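Enquirer: I would like the atomic coordinates for the input below:
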Amino acid sequence: MLATSLASLAFSASSSCVDYRKITDGECADACIDSTVGICPRSIVVSAGGLDAGKCADVGYAVADGSIDQQAGPCGTIHFNQYKTSAVLSLTASDVSLVTFDGASGTTFAFSELNDPVMGGQSSGTWSLGSEGFGVMDGQVLDVPSLKAPGFIKAAADGTFADASTALGGDLLLEVRSTTPEYKGFRVTFASGTLSPSYACSGGGSIPLSRGCFKANFSVPSGDAFTTVRIPFDKFSDKWSPATGEQTTTCAADSDVCPKASTLAAIKRFELWAEGADGKVHLEVKSIRAAPKQAALRMLSFATLSSSPPKDYMTCSSPIQPSLRFGVSGRTTPTVPVAVDANESLADAVCCDSRVKPFAEPQFLFQAPDILLFQKLDADGINTFFDSVCGLPLFRAPINRTFAEFEADTNEHGWPSFRPAEVVDENVVTDVKTGYVTSKCGTHLGSYLPDTKGPRWCMDLSCISGVASEEDRVTG
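Expert: Residues are numbered from 1 along each chain as shown. The predicted structure follows:
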């Protein structure tokens, strides 16, 4: 299956989204990415993830193969659709085949339809077998008149299913397609560890002795081809409402309701539901199988975003740029006098971590052998220093003094030091009471420390070593 390198801020694309894709190991994933993903501009996410413009279908990957949510560092979660080039979605050696409709021994079971029997329920459906080896659930879910709430239809099969315990931590895979992909009430259940699977799957743990029927929602993408829908086993729960089908206790909230290895080793019943939402239903199911946990986060590497401070301490509008100037990106250790997360770089900590706000980068960092700031500046011109997060111009030096005077002022204090004429006022926010200096986009830059010569801005080089924003490259 598609192995990817990054899993939750919910992300939904808007009309301004742009398609991007990533290909690896003969498989492809794509997403329509909005202008921002959480706190991050799209350009940073695209660059960090190594994404290419366009859809998978543009380069021949047209057979849907499920989807996956990928965590883009501190920015948020992006929902990717996965595709293969061949119409044959192969069963990997580690997958466990549970249900097929091709007559194969050990995976073919007799499903039967059950309509809502509660208090005059009017939902109705049928179950049949397609000529090409798939099951078909067809019908309509209507409100139960006395309850004024949607009923259900479902198809169920009892039997001894294959041991799927090796897939714990992985996913249940449904190979499905639908002419009603807009329907919002598709669910699947499996029963295990109960003496009466049908009873458990009617009670959902809400009535005595009805634990052991695990339910989860799923949706079916539109299209004519069969699609593999992945449902993580940790999204199932055996506590859910028999009235709506919605989980009353989630696996994330209480591990007691989660499937265990022993659960997956002894499944006794499978059910496919249309429940909790009115509407016409047509679902075709080609197979059900279990897959071990996918190789972790291999396809989309957002490593350059992963060093940001935790959300509770993140003060910057987006992550530090991946390639800071003057060698600052090489400082990957947060050498600051307070405890921060070990994965933070020096710039992450000094410029974006609220825990470090009263402190600074090491004094004379600009003189370090891997930095040597003044050897990298233009001694005969004006040098612009850009925000390490958003790329806005912050300081231009030297102005109204010589390069040697600028260097001497910096050497005297131990941090790059600027005078009033060198400050880009519209982008720099100075709190003269506290001495804190930040940029217009929220980056902590350093301190305002006047001396006998007048106002002086003493900045952390880590926070003013950015690359110009696209707008400033165009206008500059």
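Enquirer: Does Asp256 belong to a helix, a strand or coil?
Expert: Following DSSP: H, G, I helix; E, B strand; the rest coil, Asp256 is assigned to helix.
Enquirer: ranges for the helices of the stretch 351-476 of the chain?
Expert: Ranges of helices in the stretch 351-476 of the chain, per DSSP state H, counting those that start in this stretch, are 373-376, 403-413, 470-475.
Enquirer: Name the stretch from these that approaches Thr126 most closely.
Expert: Taking Cβ to Cβ, helix 470-475 is the member of the helices of the stretch 351-476 of the chain nearest to Thr126, at 57.1 Å. For the C-beta atoms, the positions are set from N, CA and C on the backbone; glycine is no exception.
Enquirer: could the helices of the stretch 351-476 of the chain be laid out in a markdown table, adding mean pLDDT, distance to Cys258 and mean neighbour count?
Expert: Below are the helices of the stretch 351-476 of the chain laid out as a markdown table (pLDDT from 0 to 100; distance: least, Cβ to Cβ, whole Å; neighbours: other Cβ atoms under 10 Å):
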| stretch | mean pLDDT | distance to Cys258 | mean neighbour count |
| --- | --- | --- | --- |
| helix 373-376 | 96 | 54 | 15 |
| helix 403-413 | 96 | 57 | 16 |
| helix 470-475 | 53 | 46 | 11 |
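Enquirer: okay if I get these as JSON lines plus distance to Glu344?
Expert: Below are those laid out as JSON lines (distance: least, Cβ to Cβ, whole Å):
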{"stretch": "helix 373-376", "distance to Glu344": "22"}
{"stretch": "helix 403-413", "distance to Glu344": "25"}
{"stretch": "helix 470-475", "distance to Glu344": "26"}
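Enquirer: mind checking which of those helices is nearest Pro450?
Expert: Nearest to Pro450 among those is helix 403-413 (11.6 Å), distances taken as Cβ to Cβ.
Enquirer: on contacts alone, who are the packing partners of that closest one?
Expert: Contacts defined by 3 or more Cβ pairs under 8 Å, 6 or more residues apart in numbering; DSSP states H and E place helix 403-413 against strand 417-418.
Enquirer: still on that earlier bit, who wins for proximity to Ser318 among the helices of the stretch 351-476 of the chain?
Expert: helix 470-475 (13.7 Å).
Enquirer: wait, which of the helices of the stretch 351-476 of the chain is closest to Lys154?
Expert: Smallest distance to Lys154 across the helices of the stretch 351-476 of the chain (Cβ to Cβ): 53.1 Å, for helix 470-475.
Enquirer: For Ser67, which of the helices of the stretch 351-476 of the chain is the nearest?
Expert: Nearest to Ser67, of the helices of the stretch 351-476 of the chain and by Cβ to Cβ, is helix 470-475 at 30.6 Å.
Enquirer: Which among the helices of the stretch 351-476 of the chain is found nearest to Phe236?
Expert: helix 470-475 (44.9 Å).
Enquirer: where does Asp238 land on pLDDT?
Expert: Note on Asp238: pLDDT of 97.
Enquirer: Equivalent analysis for Cys56, please.
Expert: The per-residue pLDDT reported for Cys56 equals 88.
Enquirer: what's the answer for Pro117, then?
Expert: In this model, Pro117 is scored at 65, pLDDT.
Enquirer: in the stretch 1-150 of the chain, which segments are predicted with low confidence?
Expert: Along the stretch 1-150 of the chain, the model assigns pLDDT under 70 to residues 1-15, 25-26, 39, 71, 73-75, 86-93, 117-120, 146-147.
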